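Visitor: Mind folding the following:
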Amino acid sequence: MQPTFVLVHGAFANSFSFAPLQAELGLLGHRSVAVDLPGHGFQATFTRAYQSPQDPEGLATAPGSIKGVTLADNVAHLIGVLERAKRNGPVILVAHSRGGITVTAAANARPDLIDRLVYVSAWCPVHLDVSDYYAEPEMATVDPAAFASALAGNPADLGLLRVNFRTANPDALAAFKAAFLADGTDEQFHTFLNTFQPDENLDVGGSADRAQAATWGRIPKTYIRLADDTSLPPALQDRLIREGNELTPDNPYDVRTLAGSHLQWLVSPAPSARALGELATLPGPSAQTSFAAE
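Guide: Model (predicted):
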């Protein structure tokens, strides 16, 4: 039976960013659905203070709909999608970036709904909580403070993380481009930046949400490395792969590599669509493969 690709976005993103990839998958004959996690997509808050001309004080204090959304809320929503998709046949669950946290927790809870897990430069915590990996050597090249000038409001007061992606601050824009799409044009970068939403929830889970061998570990899984990613560096991607393989040595990752930055696989999605399409008939883990960008 034809599988359904269920696509789960990362931080500050939404289902809209998957539209070009879904078009490519569809033209290759594959079925897909892009998920908006709670507080994302048309549930997101775009306050008037975020519009031009911006109101910095209003942006720093306006409430956001994602306040109070937890990882458990994300998981429950995703499981509902997976239950519906599973009625139509096999499910290939694809996570990008922070979406891997939700996908991992969902796989812990309902492995019966997933026929293959696919992490595209995505978080899959095994030995540490996500926040603790930032202090590890593999993340030494990532500077979270680089985005400080674009932060709006106090996360503790707002109950959410708010970033002004519509800032005109050249240093903030340069930091965003270097982290997300250094290999893209300025036009591509600005277009993608305008698909982002300003608010993200604060809950990234804890030790109970790390990959569990008895549940997550029995699902065939693929990790698609992004070779030029500076947001989730290859060294950290490789560590997550290694830790997952150590947890389930009899079910290791099928590892593949795409050239490009954190967002390039979505901006120019033909290679990533082909890579995903090959997984539609893959029964289990296989050897490493590399896909050259077009």
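
Visitor: quick one: low-confidence ranges for the chain?
Guide: Within the chain, the stretches with pLDDT under 70 are 283-294.

Visitor: what's the longest helix in it?
Guide: Using DSSP state H, we find that the single longest helix of the chain is helix 71-86.

Visitor: List the contacts of that one.
Guide: With contacts defined as Cβ atoms under 8 Å, 6 or more residues apart in numbering, helix 71-86 is touched by 4, 6, 8, 33, 35, 37-38, 91, 93, 101-103, 105-106, 109-110, 113-114, 201, 203-205, 209. Placement of C-beta: from N, CA and C, glycine included.

Visitor: buried set for that helix?
Guide: Residues 71, 73-75, 77-79, 81-82, 85-86 are the ones in helix 71-86 that count as buried (16 or more other Cβ atoms under 10 Å).

Visitor: burial of residue 67, as a residue count?
Guide: When neighbours are defined as other Cβ atoms under 10 Å, residue 67 has 14 of them.

Visitor: any idea which helix or strand carries it?
Guide: Assigned by DSSP states H and E, residue 67 belongs to no helix or strand.

Visitor: State the phi and psi torsions of it.
Guide: phi -60, psi 130 (degrees, to the nearest 10).

Visitor: again, but for residue 31
Guide: Per degrees, to the nearest 10, the backbone of residue 31 is at phi -90, psi 140.

Visitor: So for it, what's the nearest residue that isn't a sequence neighbour?
Guide: Distances taken as Cβ to Cβ, 6 or more residues apart in numbering place residue 4 nearest to residue 31, at 4.9 Å, with adjacent residues excluded.

Visitor: mind checking the SS state of residue 167?
Guide: Classification of residue 167 by DSSP: H, G, I helix; E, B strand; the rest coil places it in coil.

Visitor: ignore the last one, residue 95
Guide: strand.

Visitor: Give the full set of residues in contact with it.
Guide: With Cβ under 8 Å, 6+ apart, residue 95 has these contacts: 8, 102-104, 117-120, 122-124.
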